[in-house]
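**Q** predicted model and sequence below, questions to follow.
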Amino acid sequence: MISQFNIPSTVIAGAGASRELTPQLRRRGLDRVLLVTDRFMVGSGLAPRIVAELSAAGIFTEVFDDVQPDPSVDNVLAGLDLLRAARSQAVVALGGGSPIDCAKVIAILSTNHGPMEQFMGRDKVPNAGLPLFAIPTTAGTGSEVTKVAVITDTRRDVKMMMLDSHLLPAVALVDFELTLSMPPALTAAVGVDTLTHGIEAYVSKLATPLTDPPALSCIRLVGENLECAWREPTNRAAREGMMLAATQGGMAFANSSVALVHGMSRPIGALFHVPHGVSNAMLLPAVTRFSMPGAVARYATVARTLGWSRVMESDEAAAMVLVDGLEALNVRLQISPLRAHPKIEAARFRASLDKMAADALASGSPQNNPVVPTFDQIVALYQQAW
Ligand code: NAD
């Protein structure tokens, strides 16, 4: 089997890595950039710090800070207008997956023409975009190293997934110190997103010998660090462990794939605006129980890698431990089930089941699952997770 593995050509990780931005731009001769971020990053002082560093080095920076969580088509187009008006030569993304994904699509739209839907799916972007420098501030999506972007089409209530190596950042600056400000609820949501990346990359039908090692390392690091980072937000070792987990999870899933959890999670995000990591966490136990017969040995390895199952336990027993452990993890991290989420109204959820199942299947992700579900099985899984 031939397998392809794409990551940014430069990944700089460790405390203070974000301060490498100026030298990285300088060595490429870039002196006009668009900084894509959100209002929190401006208010927290982090975006102004970066603008000040760049301006001290003579790099002109235009700021687009209007990215909303789950960025929309309109967010991307507004950023693109600013990029063109400022004649930027490169894009810098600062924030969680939302600003990074928005920046990726702004960067490719600067050199590719046509409606954004045209780039949805795999390998649909003809030309490389402007160079992108990604600085993540949540330890979750791994978007800083992935060739994936997710943009919400609010007119159709669909999260559009694009996967193409032209979406890869040129440079990822992975600085765990930027995550020390995350409150526990955000740490939990993005942390379970990371775990879902590791698990789905590992059990996917598209897993390869190159994606298994980062997937397992991601899972191990989450087992060792997530609950500590949630309890003690300023614990540097735990934050560093989660940041590395997120980046490795991104390397793994973007070159293997995500699967049924992500396929079912995106429609919940598009319709109910539940944070991406939270909707993943709510689905993960039920989808794992459903998928287990297709990859018992792999799910058992996940349980052992998390430290939840003893080596001597049979694969079947270890895989069952995983399902129970994922349910218990949600309880410990105070992630409530779908029915208890304030943004999900029961009648609208029931009325949306067919659309959600159809959109999940149309995304292609369920087809990579160890057990490929039918439309009716997806509807039943939404009902079980409720
Ligand atoms: P996010 O970027 O939407 O941010 C969530 C909230 O956290 C925002 O209010 C933000 O301002 C705040 N925040 C960010 N960093 C913070 C910090 N250090 N301290 C305090 N608050 C902080 O959240 P996310 O989970 O990182 O990204 C979710 C998006 O990423 C979704 O749209 C999802 O579909 C997408 N995604 C993309 C990929 C990919 O590979 N491209 C993978 C998974 C998910």
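**A** Looks like it came in fine. Note that the structure is a prediction, hence the values are computed from the model and not measured.
**Q** ok, residue 153 touching residue 73?
**A** Yes. At 5.6 Å, residue 153 counts as touching residue 73 under the criterion of Cβ atoms under 8 Å. Heads up, the C-betas are built off the backbone N, CA and C, glycines and all.
**Q** what touches both of these two?
**A** Residues touching both residue 153 and residue 73 (Cβ atoms under 8 Å, 6 or more residues apart in numbering) are residue 116.
**Q** residues from the stretch 251-386 of the chain in reach of the ligand?
**A** Within the stretch 251-386 of the chain, the positions adjacent to the ligand are 276-277 by Cβ under 6 Å from any ligand atom.
**Q** please enumerate the helices of the stretch 251-386 of the chain.
**A** 260-272, 276-291, 296-305, 315-332, 346-351, 353-362, 375-385 (DSSP state H, counting those that start in this stretch).
**Q** can I get those in TSV with mean pLDDT and mean neighbour count?
**A** Output for these, formatted as TSV (pLDDT from 0 to 100; neighbours: other Cβ atoms under 10 Å):
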stretch	mean pLDDT	mean neighbour count
helix 260-272	95	26
helix 276-291	96	26
helix 296-305	97	22
helix 315-332	96	18
helix 346-351	96	11
helix 353-362	96	18
helix 375-385	97	17
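**Q** list phi and psi for the residue nearest in space to the middle of the chain.
**A** By Cα atoms, centre = their mean, the chain has its centre lying nearest to residue 141, at 2.4 Å. The phi/psi pair for residue 141 (degrees, to the nearest 10) reads phi -80, psi -30.
**Q** contacts only, for it.
**A** 96-97, 100-101, 190, 193-194, 197, 246, 250, 276.
**Q** what's the helix or strand for residue 149?
**A** strand 148-153 (DSSP states H and E).
**Q** which secondary structure elements does that strand contact?
**A** helix 73-86, helix 97-109, strand 158-163, helix 260-272 (3 or more Cβ pairs under 8 Å, 6 or more residues apart in numbering; DSSP states H and E).
**Q** just the residues contacting that strand, thanks.
**A** Counting by Cβ under 8 Å, 6+ apart, residues outside strand 148-153 touching it are 70-73, 75-76, 97, 101-102, 104-105, 116-117, 143, 158-163, 167, 254, 266, 269-270.
**Q** mind checking which of the residues you listed are buried?
**A** 70-73, 75-76, 97, 101-102, 104-105, 116, 143, 158-163, 167, 254, 266, 269-270 (16 or more other Cβ atoms under 10 Å).
**Q** now the helix or strand that residue 241 is a member of: buried residues?
**A** When elements are assigned from DSSP H and E, residue 241 belongs to helix 236-255. For helix 236-255, a neighbour-count test (16+ other Cβ under 10 Å) marks 238-255 as buried.
**Q** please apply the same query to stretch 210-217.
**A** 211-212, 214-217.
**Q** please apply the same query to stretch 178-191.
**A** Of the residues in stretch 178-191, those buried (16+ other Cβ under 10 Å) are 178-179, 182, 186-191.
**Q** report the two of the buried residues of stretch 210-217 separated the most.
**A** 211 and 217 (10.9 Å; Cβ to Cβ).
**Q** distance of the residue lying farthest from the centre of the chain from the ligand?
**A** The C-alpha centroid of the chain is most remote from residue 312, which lies 33.7 Å away (Cα atoms, centre = their mean). According to Cβ to the nearest ligand atom, to the nearest Å, residue 312 and the ligand sit 35 Å apart.
**Q** ok, residue 147 next?
**A** 8 Å.
**Q** if I pick the residue nearest to residue 82 when sequence neighbours are not counted, what's in contact with it?
**A** Spatial nearest neighbour of residue 82, chain neighbours left out: residue 64 (4.9 Å); criterion: Cβ to Cβ, 6 or more residues apart in numbering. Counting by Cβ under 8 Å, 6+ apart, residue 64 touches 34-37, 78-79, 82-83, 106.
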